[in-house]
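Undergrad: Any chance you could fold what I've pasted below:
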Amino acid sequence: MRSAAVQVLKLILPLLVLACAGPQRGDPAAPLAANRAEAAVAATRSVAVTFPAFGDSNPHTWDGRAPTAYAVHGIDVSRWQGAIDWLAVRAGGVGFAYIKATEGGDHADPLFSDNWQGAARAGLPRGAYHFYYFCRPAEEQARWFIRNVPRDPAALPPVLDLEWNHRSPTCTHRPDPATVRAEAGRFLDILTAHYGQRPVVYTTVDFYRDTGIGALRGTEFWLRSVAGHPSTVYPGQRWTFWQYTGTGRVPGIRGPVDINVFAGSVGDWTRWRR
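TA: Reported below is the predicted structural model:
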């Protein structure tokens, strides 16, 4: 018996050492990838609250179809929201979350990991977004995003955030429309090949007007419009998400937050996520 026990110990000791060692250096995505099971659970859950009504510190009086007429609402967040109570966020009516991961080619949001894991633990479908920097090549920015965001089939499609950054202290460059569209297309192609999902493009009224970004083929759009329905502000443009406020109030978040709606019904949402 003792001899057999010694042999067993010899076999399992190396495994115990590896288990205690945790994720290895050089694999920065390992802690995030550990939550894939949680994200998979989130992917199977239906929207907890439909047609929610959130507060707003600067509400708009809507003409025509208002955001409250849409069933599925979600938020987009970054480090500026601080620590988030994700369980309260989900219970308060939020149906999905997009989380800032990266910007340019060398900046990572310091709260991305916390938010990514917290949303998964709360059972909230989540995706990651990249803020584009017009002074770095598309390939460099795409690789930076890939380095920081785990490949998770349960996640929502990635998002490319395209807007003019008026406050940038280091990059005020505004490429011509053809260059913008070509670079955006390159970024989208690289992420599509890596994640197996075509990213959604988020944009603003002035960027859309200045660059003709709506001409990108095979692309879904997330449109910002805080003072009018997208059908009026972006005539003729199909959209998947509409960001209708930047001053929303959501349980679990202390300050203002962007709130968005999904274009379709709960059934459409379920199908779109597949």
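Undergrad: Report how many residues lie close to residue 126.
TA: 26 (other C-beta atoms under 10 Å). To be clear about C-beta, it is placed using only N, CA and C from the backbone, and glycine gets the same treatment.
Undergrad: Going along the chain, name the strands of the stretch 151-274 of the chain.
TA: Secondary structure of the stretch 151-274 of the chain, counting by DSSP state E, counting those that start in this stretch: strands at 159-162, 200-203, 221-224, 241-249, 257-262.
Undergrad: wait, which of those is closest to residue 177?
TA: Distance to residue 177, taken as C-beta to C-beta, is lowest for strand 159-162 among these, at 11.7 Å.
Undergrad: Poorly predicted segments of the protein, please.
TA: Low-confidence regions of the chain, defined by pLDDT under 70, span residues 1-46.
Undergrad: what ranges do the helices span in it?
TA: Residue ranges of the helices in the chain, as given by DSSP state H, are 2-21, 30-33, 36-44, 86-91, 112-121, 138-148, 177-195, 205-211, 230-233, 266-273.
Undergrad: in the fourth one, what counts as buried?
TA: So the one you mean is helix 86-91. Buried residues in helix 86-91, counted by 16 or more other C-beta atoms under 10 Å: 86, 89-90.
Undergrad: elements contacting that helix?
TA: helix 112-121 (3 or more C-beta pairs under 8 Å, 6 or more residues apart in numbering; DSSP states H and E).
Undergrad: Residue 208 reaches residue 225, doesn't it?
TA: No. With contact defined as C-beta atoms under 8 Å, residue 208 does not reach residue 225; the gap is 9.9 Å.
Undergrad: thinking again about what came up before, got the buried residues of helix 86-91 as a markdown table, with distance to residue 143 columns?
TA: Compiled in a markdown table, the buried residues of helix 86-91 are given as follows (distance: C-beta to C-beta, whole Å):
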| residue | distance to residue 143 |
| --- | --- |
| 86 | 29 |
| 89 | 31 |
| 90 | 32 |
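Undergrad: can you tell me which residues contact the residue nearest to residue 159 when sequence neighbours are not counted?
TA: Leaving aside its sequence neighbours, residue 159 sits nearest to residue 129 (C-beta to C-beta, 6 or more residues apart in numbering; 3.8 Å). By C-beta atoms under 8 Å, 6 or more residues apart in numbering, the contact list for residue 129 reads 76, 98-101, 158-161, 202.
Undergrad: Please tell me how far residue 129 sits from residue 186.
TA: According to C-beta to C-beta, to the nearest Å, residue 129 and residue 186 sit 17 Å apart.
Undergrad: picking that back up, separation between the residue nearest to residue 159 and residue 239?
TA: To residue 239, residue 129 is 16 Å away according to C-beta to C-beta.
Undergrad: where's the closest residue to residue 128 other than its chain neighbours relative to residue 217, distance?
TA: What sits nearest to residue 128 in space, not counting adjacent residues and going by C-beta to C-beta, 6+ apart, is residue 101, at 4.0 Å. Taking C-beta to C-beta as the measure, residue 101 falls 25 Å from residue 217.
Undergrad: More neighbours: those two, which one.
TA: More neighbours surround residue 101 than the other of residue 101 and residue 217, with 27 against 5 (other C-beta under 10 Å).
Undergrad: Can you name the residues that contact that one?
TA: 108-109, 112, 116, 128-130, 145, 148-149.
Undergrad: Can you work out which residues contact both of residue 208 and residue 225?
TA: Common contacts of residue 208 and residue 225 (C-beta under 8 Å, 6+ apart): residue 234.
Undergrad: which residue packs closest to residue 144, ignoring adjacent ones?
TA: Sequence neighbours aside, residue 105 is the residue nearest to residue 144 in space, at 4.8 Å (criterion: C-beta to C-beta, 6+ apart).
Undergrad: okay, the strands of the stretch 151-274 of the chain in TSV with mean neighbour count and distance to residue 180 next?
TA: Output for these, formatted as TSV (neighbours: other C-beta atoms under 10 Å; distance: least, C-beta to C-beta, whole Å):
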stretch	mean neighbour count	distance to residue 180
strand 159-162	24	8
strand 200-203	23	10
strand 221-224	24	15
strand 241-249	21	20
strand 257-262	24	23
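Undergrad: can you redo these as a markdown table with distance to residue 172?
TA: Listed next are the strands of the stretch 151-274 of the chain as a markdown table, based on distance: least, C-beta to C-beta, whole Å:
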| stretch | distance to residue 172 |
| --- | --- |
| strand 159-162 | 16 |
| strand 200-203 | 18 |
| strand 221-224 | 21 |
| strand 241-249 | 22 |
| strand 257-262 | 24 |
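Undergrad: Thanks a lot, catch you later.
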